[in-house]
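Undergrad: Give me a 3D structure for the following:
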Amino acid sequence: MKNTLIKLFGIFMMLFVASCDDGIDPITEVDPGDDAGSPIVQIIYPTEGTEVTGLELIVPINIEFKVEDDIEVALIVLNLDGVDIASYDTFLDYRIVNEEYTYDSLTSGDHLVTVTATDLVGNTTVASVNFSKAPPYEAIFAGEVFYMPFDGTYTELLSITDATEVGTPEFSGEAFAGTNGFKATEDSYLTFPIDDLMLGSNMSGAFWYKVNGSPDRSGILTIGDDVDDRFQGFRLFREGSATEQRIKLNVGTGDGESWNDGGVIDVTAGEWVHVAFTIAPTETVIYLNGVPVNTATPTAAIDWTGCVDLTIGAGGETFSYWNHLSDDSFMDELRLFNTALSQSEVQNMINVTNPYEPMYDGETFYMPFDGANTELVSLGMPTVVGSPMFAGESHDGPNAYLGATDSYLTYPIDGLFGADAFSATFWYKVNSTPDRAGILVVGDDADDRNQGFRLFREGSETEQRIKVNVGIGDSESWNDGGVIDVTAGEWVHIAVTVSATESKIYFNGVEQLVSTFATSIDWTGCNDLTIGAGGDTFSYWNHLSDVSAIDELRLFNKALSESEIQDML
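TA: Sure, this is the predicted structure:
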């Protein structure tokens, strides 16, 4: 019986197998044919021109590529900057290969990744891609040795070094630039080693600051050797009230110390203020928003003996006495320099890190004269002729331009004016001595006035008439403008507009006179704008240098309307 069952089971299995094969074609070997071409290589990442970023000096990168061949891929070699970093000769799919390789030591600079693929018969294809690793940060100012932007980390970006946290310092939750700022908080601050900063007898520091009047005093930046005296390093700190805080600087000179009582920040304004200080052997200067607020004269150079660390946001270990403890103010964009910055360098730093954006339609030029002659749209600097000065007063801002005998500025006009229209506006406090002068002049030569324009003044001790002459190719057009009362001693807003058919002069937004002409202004041969004098092309008739004050000079590539001028007042 048992044998019978075995035989029946065997017959059943034979029938089952036969039924499974029913309808299925047998596997037949297919000749792949001749190898018709070379492999196809595609580098998926990085692509041509990719810039890899990251705060670290060395970062990983995932290199992705794809290789296809009509018959079979035999070998793939991955190369970075001339060095083979990986090779592949075994594949799950011999015709289509997708691979990703992680290279974990990519340094800053330009790089070339190359993928070389070879098929069974030796056909080879090479594909390459150029890419780069951006440095975490490159110094953008001369002498810059330290930059900490506080954008979510306490990393110094030139050395890629993290500051040491004492207590529980925080981020401010707002920033002047970037994504965040620094807030020390009570009993908390940062420290950073100074060994590699190369600070010598000249140094500077700068940062954006939103002051908190509570506590009523605190340390801001401190480098010291001990708590017994203040004869080494420096101490930048604040003291005051809930409404005003004075920024001060103390510098150790070895056998003594030097005090600079700085300037006052209005706490109630709640504004970001740019604070900068410079230290040289014979002078220390404190700047607020690029304007020097106080200067002191040390008897010797700063002494760094025994100084090891910079304290950020407090008086720290060496200056916590007199209650110069932690600062609850906001700090952003902290920079240190191993040079004593000039005022123009401080203002350039402000302009670069807080670029001006034109406020008005058609505005191509803005020179506010706030202690420097920088043109803020392009960050260009004029050529200085003679020794023009600053007025020590202004209509708007901390300063204004003040002319001097045989002195003026020149600036290239490329891109400043429209082909047949332009405008110029500024605030003006006239000085009637001399009795005539050039104010703004663009000309080609001194032989005629048929190109460019000449804005100038003429008159007496009590009245000065503002005029404009426009060159229109074969001739000229005169506009006798209007009269300023010299005795009033007031700032007057002057605007001149020139279109294809007319010129207008405005005082304080009020039209003074219109002059019409048949053809538009001719710029042939004109290269430079002269500010504050008749200059090389209009010094005749004694239109020499103007010793009046000029503030907030703007140029436009169109003729402004009356309403646009009035909106500036």
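
Undergrad: Sketch out the helices for this protein, chain order is fine.
TA: Listed in chain order, the helices of the chain (DSSP state H) span 2-21, 343-353, 562-566.

Undergrad: Break the protein into its domains for me.
TA: Under the assignment automatic domain parsing, the domains of the chain span 40-133, 144-350, 363-566.

Undergrad: which stretch among those comes nearest residue 356?
TA: For residue 356, the closest of these is domain 363-566, at 3.7 Å, according to CB to CB. Glycine gets a C-beta too; all of them are placed from N, C-alpha and C.

Undergrad: and the closest one, what's its mean pLDDT?
TA: Per-residue pLDDT values over domain 363-566 give a mean of 97.

Undergrad: what do you get for stretch 83-91?
TA: For stretch 83-91, the per-residue pLDDT averages 96.

Undergrad: ok, residues contacting it?
TA: With CB atoms under 8 Å, 6 or more residues apart in numbering as the test, stretch 83-91 has contacts from 73-79, 97, 99, 101, 103.

Undergrad: try it again with 6 Å
TA: Stretch 83-91 is contacted from outside by 75-78, 97, 101, using CB atoms under 6 Å, 6 or more residues apart in numbering.

Undergrad: can I get the residues you listed in a markdown table with neighbour count, distance to residue 520 and pLDDT?
TA: Shown next, in a markdown table, are the contacts of stretch 83-91 (neighbours: other CB atoms under 10 Å; distance: CB to CB, whole Å; pLDDT from 0 to 100):
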| residue | neighbour count | distance to residue 520 | pLDDT |
| --- | --- | --- | --- |
| 75 | 18 | 71 | 97 |
| 76 | 20 | 67 | 97 |
| 77 | 17 | 66 | 98 |
| 78 | 20 | 64 | 98 |
| 97 | 19 | 67 | 96 |
| 101 | 16 | 64 | 97 |
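
Undergrad: The closest residue in space to residue 499 that isn't next to it in sequence: neighbour count?
TA: In space, and not counting its chain neighbours, residue 499 is closest to residue 559: 3.9 Å by CB to CB, 6 or more residues apart in numbering. Residue 559 is flanked by 21 other residues according to other CB atoms under 10 Å.

Undergrad: Check the gap between residue 559 and residue 343 for me.
TA: In this view, residue 559 and residue 343 are 36 Å apart by CB to CB, to the nearest Å.

Undergrad: What of residue 558?
TA: Going from residue 558 to residue 343 by CB to CB gives 34 Å.

Undergrad: between the two, who's got more neighbours?
TA: More neighbours surround residue 558 than the other of residue 558 and residue 343, with 20 against 17 (other CB under 10 Å).

Undergrad: how about the more buried one, what does it touch?
TA: Contact analysis of residue 558 by CB under 6 Å, 6+ apart lists 362, 418, 421.

Undergrad: Export those residues to a markdown table and append columns for neighbour count and distance to residue 108.
TA: As requested, the contacts of residue 558 are exported to a markdown table (neighbours: other CB atoms under 10 Å; distance: CB to CB, whole Å):
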| residue | neighbour count | distance to residue 108 |
| --- | --- | --- |
| 362 | 17 | 41 |
| 418 | 19 | 44 |
| 421 | 19 | 48 |
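
Undergrad: Go through the residues you listed and say which is closest to residue 470.
TA: Closest to residue 470 out of the contacts of residue 558 is residue 421 (11.1 Å), distances taken as CB to CB.

Undergrad: who touches the closest residue to the closest one other than its chain neighbours in this structure?
TA: Residue nearest to residue 421 in three dimensions, not counting chain neighbours: residue 559, with 4.5 Å by CB to CB, 6+ apart. Residues in contact with residue 559 (CB under 6 Å, 6+ apart) are 421, 423, 497, 499.

Undergrad: again with residue 99
TA: residue 65.

Undergrad: for residue 128, same thing?
TA: When contacts are counted by CB under 6 Å, 6+ apart, residue 128 touches 112, 114.

Undergrad: With distance to residue 52 as extra columns, can I get the contacts of stretch 83-91 in a markdown table?
TA: Listed next are these as a markdown table, based on distance: CB to CB, whole Å:
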| residue | distance to residue 52 |
| --- | --- |
| 75 | 28 |
| 76 | 23 |
| 77 | 22 |
| 78 | 17 |
| 97 | 24 |
| 101 | 15 |
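
Undergrad: Can you lay out the contacts of residue 558 as TSV showing distance to residue 292?
TA: Formatted as TSV, these follow (distance: CB to CB, whole Å):
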residue	distance to residue 292
362	34
418	38
421	40
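
Undergrad: Residue 269: how many residues sit nearby?
TA: Residue 269: 11 surrounding residues under other CB under 10 Å.

Undergrad: Next one: it, what pLDDT does it get?
TA: Reported pLDDT for residue 269: 96.

Undergrad: which residues sit in contact with it?
TA: With contact set as CB under 6 Å, 6+ apart, residue 269 has no partners.

Undergrad: Residue 172 too?
TA: Shown in contact with residue 172 (CB under 6 Å, 6+ apart): 181, 183, 330.

Undergrad: Most neighbours out of those, which is it?
TA: Of all the contacts of residue 172, residue 181 has the most neighbours under the rule other CB under 10 Å, reaching 27 neighbours.

Undergrad: burial measure for residue 266, as a count.
TA: Count around residue 266 with other CB under 10 Å applied: 12.

Undergrad: who's it bridged to?
TA: residue 244 (DSSP bridges).

Undergrad: That one and residue 243: what is the separation?
TA: Per CB to CB, residue 266 is found 7 Å from residue 243.

Undergrad: now do residue 538
TA: Separation of residue 538 from residue 243 (CB to CB) stands at 51 Å.

Undergrad: More neighbours: which of the two?
TA: More neighbours surround residue 538 than the other of residue 538 and residue 243, with 23 against 11 (other CB under 10 Å).

Undergrad: The more buried one: what's it in contact with?
TA: Contact analysis of residue 538 by CB under 6 Å, 6+ apart lists 438, 441, 443, 454.

Undergrad: what's the answer for residue 330, then?
TA: Residues near residue 330 by CB under 6 Å, 6+ apart: 172, 181, 183, 210.

Undergrad: and those residues as JSON lines, adding pLDDT and distance to residue 378?
TA: What follows is the contacts of residue 330, written out as JSON lines (pLDDT from 0 to 100; distance: CB to CB, whole Å):
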{"residue": "172", "pLDDT": "96", "distance to residue 378": "32"}
{"residue": "181", "pLDDT": "97", "distance to residue 378": "29"}
{"residue": "183", "pLDDT": "96", "distance to residue 378": "36"}
{"residue": "210", "pLDDT": "98", "distance to residue 378": "29"}
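
Undergrad: ok, which pair from those is furthest apart?
TA: Using CB to CB, the two most remote members of those are 183 and 210, lying 9.6 Å apart.

Undergrad: Appreciated, that's everything.
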